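J.: Take this sequence and fold it.
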Amino acid sequence: MNYTVGIDSGSTATKASCWRTASSCAASSAPPLSPRRRHPRGLETLRAGLTETPFLTLTGYGRQLVDFADKQVTEISCHGLGARLLAPDTRTVIDIGGQDSKVIQLDAGGNLSDFLMNDKCAAGTGRFLEVISRTLGASVEQLDAITDGVEPHAITSMCTVFAESEVISLRSAGVAPEAILAGVINAMARRSANFIGRLSAQGPLLFTGGVSHCAAFARMLESHVGMAVTTHPDAQFAGAIGAALIGQRQRRRG
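T.: The predicted structure follows:
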């Protein structure tokens with residue numbers, strides 16, 4: 001068996017990465033269906049054109065909801081390993097997904113040394129950003145263009161329900177939607193920087209997860225955390241890549 005597939009089952013998207021030896025041969029993101037439906041769909045996409053059945057490793061939110069994987073791994077291990085492949089000098093990973101966030105600290109050799117995870121509150125996650133954006137008639141994909149060069153308006157609440165009410169009140173008071181959105185991103189970035197600071201993190205710092213596609217967030221995070229923040233075009237796939245690499249090791253051990 002030459003191929004390994006890693007699937008990271010997130011709360012809002014499934015990421016998959018297919019590997020053969022040291023080269024990634026495919027990557028895809030399945031739609032936000034239930035894990036029992038989207039895992040097979042993502043796997044079918046990656047299997048297309050393969051001549052053999054790959055070794056499958058699952059990680060993430062929904063990994064325990066399916067029973068066809070060869071191996072299941074905790075997401076912290078996968079994200080750390082995937083991050084080091086994307087950016088080999090990485091010492092700290094901040095991953096912000098749909099409904100949780102995590103900070104992972106790596107030693108000089110790339111081994112996990114510590115981590116923190118917030119999966120109890122949606123504040124500061126992709127879901128929070130999506131809800132507030134929708135309240136203002138925007139999509140997450142539009143945020144960089146909308147907030148470019150805009151001075152952020154102060155946002156005091158990071159609870160999704162209260163933040164929605166605050167946003168509506170600010171709009172009624174005449175505050176421009178782009179200033180509110182910039183303020184929301186800035187508040188999220190400040191919260192994430194405080195989260196990172198709890199580990200006394202050191203750079204280089206890699207920003208992963210779906211929210212890492214928001215360049216405005218990365219810029220504001222950098223200003224709050226006091227160190228360079230880098231990302232990668234495949235940053236959302238870090239967990240899936242790490243799972244595939246762990247699958248490779250398992251396969252080699254037989």
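
J.: now the residue positioned nearest the centre of the chain: how far from residue 135?
T.: Centroid check for the chain by Cα atoms, centre = their mean gives residue 209 as the closest residue, at 1.4 Å. Plainly put, residue 209 is 22 Å away from residue 135 if you go by Cβ to Cβ, to the nearest Å. No exception for glycine: its C-beta is placed from N, CA and C like everyone else's.

J.: quick one, domains of the protein?
T.: 1-87+236-254, 90-231 (automatic domain parsing).

J.: so which of those domains is the most packed in?
T.: Greatest average neighbour count among the domains of the chain goes to domain 1-87+236-254 (a mean of 20), per mean count of other Cβ atoms under 10 Å.

J.: mind checking pLDDT for residue 34?
T.: Looking at residue 34, its pLDDT stands at 50.

J.: Equivalent analysis for residue 69, please.
T.: 77.

J.: So the spatially closest residue to it that is not a sequence neighbour: helix, strand or coil?
T.: Spatial nearest neighbour of residue 69, excluding adjacent residues (Cβ to Cβ, 6 or more residues apart in numbering): residue 58 at 4.1 Å. Put simply, residue 58 is strand when judged by DSSP: H, G, I helix; E, B strand; the rest coil.

J.: Tell me the spacing between residue 58 and residue 7.
T.: 5 Å.

J.: shaky segments in the stretch 1-150 of the chain?
T.: Low-confidence segments of the stretch 1-150 of the chain (pLDDT under 70): 1, 21-51, 63-66, 119-122.

J.: tell me which element residue 95 is part of?
T.: strand 92-96 (DSSP states H and E).

J.: mind listing what that strand pairs with, with the direction of each?
T.: With DSSP bridges as the test, strand 92-96 is paired with strand 101-106 (antiparallel), strand 205-208 (parallel).

J.: how about the CA coordinates for the helix or strand just after the last one, as PDB?
T.: Translated: strand 205-208. Where DSSP H and E defines the elements, the next helix or strand beyond strand 205-208 is helix 215-225. Only the C-alpha atoms of helix 215-225 are listed here, as PDB (Å, rounded to 0.1, in the frame of the first residue of the first chain):
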ATOM      1  CA  ALA A 215      -5.600  38.400   5.900                       C
ATOM      2  CA  ALA A 216      -7.100  41.200   8.000                       C
ATOM      3  CA  PHE A 217      -7.200  38.900  11.000                       C
ATOM      4  CA  ALA A 218      -3.600  37.800  10.500                       C
ATOM      5  CA  ARG A 219      -2.400  41.400  10.400                       C
ATOM      6  CA  MET A 220      -4.300  42.400  13.500                       C
ATOM      7  CA  LEU A 221      -3.200  39.200  15.300                       C
ATOM      8  CA  GLU A 222       0.400  40.100  14.500                       C
ATOM      9  CA  SER A 223       0.000  43.600  16.000                       C
ATOM     10  CA  HIS A 224      -1.400  42.200  19.200                       C
ATOM     11  CA  VAL A 225       0.800  39.200  19.700                       C
END
